[in-house]
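Student: can't give you the sequence, but here's the structure:
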């Protein structure tokens, strides 16, 4: 639609440039911001390859839905079919973008957080599911389904502390992995 709208406003037929602009609008980021995004996404890819998870389906620096890029694995993660080790691998991959920023720039940016579907949001949800939903942590008590597990973190200090401890450990591991 956007490509047709652009062509219509210019009173001409749709061109390849119109299509490209609609699919991948011009990137207005500074070279520094683009390098940050590239390093971040490369961190995810390095972790996925080193940990031997599924094939990488896509690695992109095209801005989508407020992100600076994306790294997508070939298969979606189904927590119900994973053991704790596998869930922690996926959480580590999610944290590896921040790890690359730490290794290259000395600190992470806020780009991996701030949204429930951000890297930090996904890693938190995965680790929280270990402790409050899937019976893979220190307790077998079922507190919530994986989709609503974040509510448990708001109410249960013990679970929140366990999740924080695991996330800190996984962030250290991700940083070590990327540094190598």
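Tutor: Happy to help now that I have it. Computed from a predicted structure; not experimentally measured.
Student: Wait, a helix at residue 41?
Tutor: Yes: counting by DSSP: H, G, I helix; E, B strand; the rest coil, one finds residue 41 located in a helix.
Student: For it, grab the count of nearby residues.
Tutor: 22 (other Cβ atoms under 10 Å). In short, each C-beta sits where N, CA and C put it, glycine included.
Student: thinking it is in contact with residue 59, fair?
Tutor: Yes: contact criterion Cβ atoms under 8 Å: residue 41 and residue 59 qualify, at 5.8 Å.
Student: what's the overlap in contacts for the two?
Tutor: Counting by Cβ atoms under 8 Å, 6 or more residues apart in numbering, the residues touching both residue 41 and residue 59 are 69, 70, 71.
Student: Now do stretch 27-36: everything it contacts.
Tutor: 37, 61, 62, 63, 68, 101, 105, 109, 111.
Student: Narrow those to those in strands?
Tutor: Using DSSP state E, no member of the contacts of stretch 27-36 falls within strands.
Student: any idea which of those residues has the most stuff around it?
Tutor: Neighbour-wise, the contacts of stretch 27-36 (other Cβ under 10 Å) top out at residue 37, 24 neighbours.
Student: if I pick that one, what's in contact with it?
Tutor: Residue 37 makes contact with 29, 61, 68, 69, 111, according to Cβ under 8 Å, 6+ apart.
Student: quick one: it from residue 94, how far?
Tutor: Residue 37 sits 16 Å away from residue 94, taking Cβ to Cβ, to the nearest Å as the criterion.
Student: do residue 84 as well
Tutor: Counting by Cβ to Cβ - residue 84 and residue 94 are separated by 15 Å.
Student: of those two, who's got more company?
Tutor: A direct count of neighbours by other Cβ under 10 Å for residue 84 and residue 94 places residue 94 higher, at 27 against 15.
Student: Name the SS class of the more buried one, please.
Tutor: Assigned with three-state DSSP, residue 94 falls in the helix class.
Student: The residue nearest to it when sequence neighbours are not counted: neighbouring residues, count only.
Tutor: Of all residues not flanking residue 94 in the chain, residue 123 sits nearest, at 4.1 Å (Cβ to Cβ, 6 or more residues apart in numbering). Residue 123 has 28 neighbouring residues, counting by other Cβ under 10 Å.
Student: wouldn't residue 123 be in contact with residue 91 here?
Tutor: Yes: counting by Cβ under 8 Å, residue 91 is a contact partner of residue 123 at 4.3 Å.
Student: shared neighbours of the two, anything?
Tutor: Contacts common to residue 123 and residue 91, judged by Cβ under 8 Å, 6+ apart, are 167, 170.
Student: What strand or helix carries the residue nearest to residue 94?
Tutor: helix 119-132 (DSSP states H and E).
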